[in-house]
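[1] below are the sequence and a predicted model for it; my questions follow.
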Amino acid sequence: MYANPAGPSWPTQPSSPPPEPGTDWNERIAAHVNAMHLSGGLFLLTFLIPPMWLLDAVRALSPDDPSADWPSFLWPVLLLVSIAVFHACVQIPAGVVGSWLMAGRSALTGYLGALLLAGVLAVPTLVWVMGVRSGTETLVMWADYTGRCAPSLGVYLWFVRRCERRQARLTAMRSGSSYGPSAPRQHGDPLFPEEPRWWR
């Protein structure tokens, strides 16, 4: 048997059929929707530890006080509504922008950008949407909501990055560039021209 001067030849694999139009975008949208639900659930779980401003407001109310804006038994309902409003107006936009920043840069850049945007969006959300009146209450609630939102934003970006890696591997397999052990990672997706970076 003669040696192959060009080196070992790897068996060729039949190329996969091209994906249907819109498949990649559908997978991205599905990844973001799942990340929204996952991060929103984590954000809700953080309120199992009640915030101090809520406990102080409930203690300050008398059950028979007719001048109170809201009865004390409605405070849990108002808290759930405020969580949903903050999730829709702050957490989701910050997560989407952070994932966009993370696509061409490091994950830390995307996370810091998401935190910055969440801190900015929290102020008008608390004042104009949730109706917080005094500056002291706004500052206290801003720190509480933003601090609880921070870990859930990290979960949002982690989940999106995980889906990006999976999508990049599938794109490489479809293009037929990942069969050899030293084949370059070239992806046809313009958002992922090279293998996504590790979380750092």
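    Yes, it's here.
[2] dump the residue contacts of Val123.
    Thr138, Trp142 (Cβ atoms under 8 Å, 6 or more residues apart in numbering). No exception for glycine: its C-beta is placed from N, CA and C like everyone else's.
[3] so where is the protein shaky, pLDDT-wise?
    The model of the chain has pLDDT under 70 over residues 1-23, 58-72, 176-200.
[4] 50 - rerun?
    Where the chain drops to pLDDT under 50, the residues are 1, 13, 15-16, 178-200.
[5] mind checking the longest helix of it?
    For the chain, the helix that runs over the most residues, judged by DSSP state H, is helix 135-175.
[6] elements contacting it?
    If you count contacts as 3 or more Cβ pairs under 8 Å, 6 or more residues apart in numbering; DSSP states H and E, helix 135-175 packs onto helix 23-45, helix 52-60, helix 92-103, helix 107-124.
[7] so which elements touch the third one?
    Translated: helix 92-103. helix 23-45, helix 107-124, helix 135-175.
[8] re the thing from before, most tightly packed of the helices and strands packed on helix 135-175?
    The highest mean neighbour count among the helices and strands packed on helix 135-175, using mean count of other Cβ atoms under 10 Å, belongs to helix 92-103: a mean of 20.
[9] and the angle from it to helix 107-124?
    160 degrees (axes from the mean of the first three to the mean of the last three Cα atoms, to 10 degrees).
[10] show residues contacting helix 92-103.
    Against helix 92-103 from outside (Cβ under 8 Å, 6+ apart): 32, 35-36, 39, 109-111, 113-115, 117-118, 121, 149, 153, 156-157, 160-161, 164, 191-192.
[11] now the helices and strands packed on helix 135-175 as JSON lines including distance to Val132?
    JSON lines is the format used below for the helices and strands packed on helix 135-175 (distance: least, Cβ to Cβ, whole Å):
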{"stretch": "helix 23-45", "distance to Val132": "18"}
{"stretch": "helix 52-60", "distance to Val132": "10"}
{"stretch": "helix 92-103", "distance to Val132": "19"}
{"stretch": "helix 107-124", "distance to Val132": "10"}
